[in-house]
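Asks: Got a predicted structure plus its sequence, pasted below:
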Amino acid sequence: MGPTSRFFILFAFLAIGAVVGGQAIFSRIPLDQALLKARLGMTTSGQVTAGSEDSVIPLERLGGVWVAQVELNDLHDARLIVDTGATFTTISEDLAFNAGVQTDSANPHINLFTAGGKVQAEMGVARRIRVGNAGRDDVKVVVHTIPNLPDGIDGLLGLSFFDRFLVRLDHSNQQLHLTPRT
């Protein structure tokens with residue numbers, strides 16, 4: 001085996017190692033999270049990001065609940081159950097990770113009293129939640145995977161999103177109407 005062959009084999013091992021190592025690193029950091037981190041330098045208002053008009057959002061009926069299509073942090077679509085009785089919007093751990101939702105370091109944990117009993121979960125802040133044309137910046141969320149939700153449902157859309165809107169649910173037309181409070 002000559003020096004050229006040894007060089008080629010060494011180069012091949014290094015190239016394979018770099019690819020495998022890079023995949024191991026980058027598989028743990030989704031590209032959309034990197035994009036989100038790049039955008040975090042942008043200022044947010046903490047206010048409603050819709051106009052003063054009524055936003056009409058189509059809903060899907062799933063069993064006995066209404067489901068809305070939601071966009072989280074300008075990057076991820078999710079399906080959340082509309083729950084005006086829930087104090088906080090609750091999203092699964094997977095969705096929080098994929099959308100780059102940061103946990104709240106000042107108040108990292110919260111005790112929830114659910115139908116299934118007391119649960120401890122993490123608090124976080126979604127940089128932006130948008131439902132149709134209505135949106136909110138810096139929304140407090142609970143990061144907790146709710147057991148036994150139907151497939152494809154990522155959590156609950158609760159009062160931490162709705163509290164700055166007048167909310168009207170039109171059952172017959174399967175629509176959610178959100179009007180920003182002045």
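Replies: Alright, I've got the coordinates. Numbering: from 1, shown residues only.
Asks: going forward, measure contacts and count neighbours with C-alpha atoms only.
Replies: Noted.
Asks: how close does residue 105 sit to residue 156?
Replies: 22 Å (C-alpha to C-alpha, to the nearest Å).
Asks: Between these two, which is the more surrounded one?
Replies: Neighbour comparison, residue 105 and residue 156: the larger count goes to residue 156, with 26 against 10 (by other C-alpha atoms under 10 Å).
Asks: Starting from the longest strand anywhere in the chain, tell me which strands it pairs with and how they run.
Replies: Assignment by DSSP state E gives strand 117-131 as the longest strand of the chain. Applying DSSP bridges, strand 117-131 is found paired with strand 65-72 (antiparallel), strand 102-103 (antiparallel), strand 109-114 (antiparallel), strand 134-143 (antiparallel).
Asks: tell me the SS of residue 84?
Replies: Here residue 84 is coil, with the state taken from DSSP: H, G, I helix; E, B strand; the rest coil.
Asks: Show me the protein divided up by domain.
Replies: The chain resolves into domains spanning 3-39, 55-180 when parsed by automatic domain parsing.
Asks: closest to residue 92 out of the strands paired with strand 117-131?
Replies: Ranking the strands paired with strand 117-131 by distance to residue 92, with C-alpha to C-alpha as the measure, places strand 134-143 first at 5.7 Å.
Asks: Helix or strand next in line after that closest one, which one?
Replies: strand 155-157 (DSSP states H and E).
Asks: can you pull the buried residues of the longest strand of the chain?
Replies: 121-131 (16 or more other C-alpha atoms under 10 Å).
Asks: Relative to residue 62, how far out is the nearest residue to residue 58 once chain neighbours are set aside?
Replies: Closest residue to residue 58 apart from its sequence neighbours, by C-alpha to C-alpha, 6 or more residues apart in numbering: residue 175 at 4.6 Å. In this structure, residue 175 lies at 14 Å from residue 62, with C-alpha to C-alpha as the measure.
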